[in-house]
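Asks: sequence first, then the predicted structure, then my questions.
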Amino acid sequence: MPFRITVPLVFVVAFASVGVGGLFLSDGVRSKGKPDVIKIVSSLPRSGSARGQTDSIVQGIKLALHEVNHQITLTDGVTYKLEYLDLDDATAAAGNWTIEQEIANANQAKADPDVMAYIGTYNSGAAKVSMPILNKAGVLMISPANTATSLTKPGWGGRHEPQCYRPTGRINYTRVVPADDVQGAVAAQWAFELQAKQVYILDDNELYGKGIADLFHMTCEERFGIKVLGQESIDSKQQEFKPLLQKIKDLKPDMIYFGGTTQTKAGQVFKDMIAVGLRCPMMGPDGCYETAMIESAGKAAFETAPFYATFGGLPISELQTGRGPQFVKNFTDYFGKPPTEAYAAYGYECGLVALDAIRRAGRKDRDAVREAGLATRDFVGTIGTWSFDANGDTDSKTMSVNVVKDGEFKFVKKLELKK
Amino acid sequence: MTFAVEPTFWTAFLQQTIDGLAFGALIALIALGYTMVYGIVELINFAHGDVFMLGGFLALTVLVLCGLEGLGVDQNRIKLDDLGLWAKAGLIALCLLLAMPFCGAINFGIDYMVYRPLRTAPRLAPLVSAIGVSFILMNVGLFWGGAQDVNFPKLVSDDNLLPADTGLRLTAKNAMVFGVTVPLMIALTLFVRFTKLGKAMRATAQNPTAARLMGINTDAVIGITFAIGGALAGAGAVVFALDVGTISYTMGFQNGLYAFTAAVLGGIGRIPGAVLGGLIIGLVRYYGSAYVGESWTGALIFGILIVILVFRPTGLLGSPTREKV
């Protein structure tokens, strides 16, 4: 009898010790990582209303990795396998990015020693959350979509911005899209090209919208001599803005600029502009450059007056320089159809920048990759040749202006801000 | 302030007055629902704004079923330009005919299921339940129409009905707003004042116990009051959707807040008071935006409410002798 009991007991003890040892072992493996693997992660809102755009970004990243066959040989003589992790910083319940999710993603990337680059975020607010965490870990961040100026440029935001995002004092954050200071100025340039003599400016009183409206205001007056009839903030909780638009109508503006997004009532402002009988063009920033804008204002409204939206880059159809044409061809070969959203090119660009930084670093070392990433100069990308400046911003000043026609945004013109 | 020196000052002022009165009439229609319910059971029905919102979504669904574009359906749709004047008028009438009983039934149902069991409970219990019902309805709206603003088909044009040389605009939309709201308000006043049921309502409002002793079925009377209030909200929702051109699941909250303020401003429980309060709020909203600043309108409206409540706690038309609160 005792024999019968002892044998299983031995097994139990043996399994338990192996299990415990395995736990320790696997923990040891985790903290050291796999020696021949380099991971690139992205943190984007994969659920909710931005899904369409982030799908394109992820496809772009996947294409960049596919082109190098998911492996990279560095000057240290090792051929590393490239792995990609597609993290979601949104929850289905919120329908939008959440602080908790973005923190979790940043911590996951920080804890995994194989992670050499973090592609994200999509929302500028989310970047503010993950930047300090990843800065301490020294992970290179490359954003395909953030435009808030205060993330990188001193003097645009609060007194402690952007230093508060860089607790170590070193810079780890870069972005491949021009920031809002460029966008506001380019919008003013377009107003000038439309021969607007006097404009009225509205904003949604939020960080993004008001910031870009203020820049538009400044550039109009100082650089182009366009008269600004007034600037006012709206309360985006109001349901309609007829009295405001009625007042603006009597001032006879040649154009209305709305600094805000579809979510802060851009569609309603446009609709009320038509309702009071004002027939001048309206323009908005890239927060209005989405199909939701057309849906909320109704297709018919855009036949009465033009609506322009600026965008920090070029739509797919206009990618004619640098790697643009090659990108569209490879994308079509790989996914079976051409990219639909303009953001695909920026996801691809982020992937290329990450690979280029790893290659130039020459070894699997976060700090070396970070330094190499920030030292990206004269990079041949999909929208031309550009470099990162001292703040980690692209020096590309290429933007496009689009207009709503037949129920969708159509490209009008490529605009380059004179440096 | 920009017009102060311009010769068109009075034209602009009159224009804002016309638009403000139209907006105010709409708010008044919703405020009537608040004030009637308060008058009879002394309960602020916080779900009223959300009943209004659901009315808007029902109207849109009716239009989509009739073949118009909306709610994500855009294949093989009837073009608005192809519809004649009478077809459009018919669609509006259909929306009204369906939204009014729909919202009336919801409001009646809320009373039947939620408020009636709490009739003898402490005052706070139905009030908190009302807030709960408001959240439930808002989420139904979120499920129905999605989180984003939804475009409503433009069945009524912005064409000016006045000769152009007056410099004023009284649009077809304005006319539609007045054309629906004013008759409804008159009908309601006549109903409450001159019918037997109206008399029963007034009796129940004055003293429910005495009314019951006189043989009035007070529960039925209260239920009918809820139904009428809901029907007015339904009509308001259709008019609002046609006038503003956008509906969203949050529209019940903002408009409900305005309407509630209007009801308190005019003297809650008083039908003419709700109308007066609504018109005042409409005018303050429009003058405020034109002459003070768009971002100040919310503060102005609620500031006026505070001032009135400090100096006349019963509201503008409330009788000071009746202790209701």
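Replies: Done, it's in. Residues are numbered from 1 along each chain as shown, chains lettered A, B, ... in the order given.
Asks: what's the pLDDT at A:Lys410?
Replies: For A:Lys410, the model assigns a pLDDT of 86.
Asks: equivalent analysis for B:Ile186, please.
Replies: For B:Ile186, pLDDT reads 92.
Asks: kindly report the same for B:Ile224.
Replies: Looking at B:Ile224, its pLDDT is 93.
Asks: please name the nearest non-neighbouring residue to it.
Replies: B:Leu197 (6.7 Å; Cβ to Cβ, 6 or more residues apart in numbering or on different chains). No exception for glycine: its C-beta is placed from N, CA and C like everyone else's.
Asks: run through who's touching the helix or strand containing the one you found.
Replies: Secondary structure assignment for B:Leu197, by DSSP states H and E: helix B:196-206. Residues from elsewhere that reach helix B:196-206, judged by Cβ atoms under 8 Å, 6 or more residues apart in numbering or on different chains: B:39-40, B:191-192, B:210-211, B:214, B:216, B:218, B:221-222, B:224-225, B:269.
Asks: next one: stretch B:263-276
Replies: Residues contacting stretch B:263-276 (Cβ under 8 Å, 6+ apart): B:28, B:31-32, B:34-36, B:38-39, B:185, B:188-189, B:192, B:205, B:262, B:277-278, B:280-281, B:304-305, B:308-309, B:314-319, B:324.
Asks: which members of the residues you listed are classed as buried?
Replies: When the contacts of stretch B:263-276 are checked for burial by 16 or more other Cβ atoms under 10 Å in any protein chain shown, the buried set is B:28, B:31-32, B:34-36, B:38-39, B:185, B:188, B:192, B:205, B:262, B:277-278, B:280-281, B:304-305, B:308, B:314-318.
Asks: quick one: the strands in the stretch 101-250 of chain B?
Replies: With DSSP state E, counting those that start in this stretch as the criterion, the stretch 101-250 of chain B has strands at B:150-151, B:246-247.
Asks: in PDB, list the C-alpha atoms belonging to the next helix or strand after the last one.
Replies: Scanning forward in sequence from strand B:246-247 by DSSP H and E, the next helix or strand is helix B:251-266. Extracted C-alpha coordinates of helix B:251-266, given in PDB (Å, rounded to 0.1, in the frame of the first residue of the first chain):
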ATOM      1  CA  MET B 251     -29.800  65.800 -27.700                       C
ATOM      2  CA  GLY B 252     -32.300  64.900 -25.000                       C
ATOM      3  CA  PHE B 253     -30.000  66.000 -22.300                       C
ATOM      4  CA  GLN B 254     -29.200  69.500 -23.500                       C
ATOM      5  CA  ASN B 255     -32.700  70.400 -24.700                       C
ATOM      6  CA  GLY B 256     -34.200  68.700 -21.600                       C
ATOM      7  CA  LEU B 257     -32.000  71.000 -19.500                       C
ATOM      8  CA  TYR B 258     -33.200  74.100 -21.400                       C
ATOM      9  CA  ALA B 259     -36.800  73.000 -21.200                       C
ATOM     10  CA  PHE B 260     -36.600  72.200 -17.500                       C
ATOM     11  CA  THR B 261     -35.100  75.600 -17.000                       C
ATOM     12  CA  ALA B 262     -37.900  77.200 -19.000                       C
ATOM     13  CA  ALA B 263     -40.500  75.400 -16.900                       C
ATOM     14  CA  VAL B 264     -38.900  76.600 -13.600                       C
ATOM     15  CA  LEU B 265     -38.400  80.100 -15.000                       C
ATOM     16  CA  GLY B 266     -42.100  80.500 -15.900                       C
END
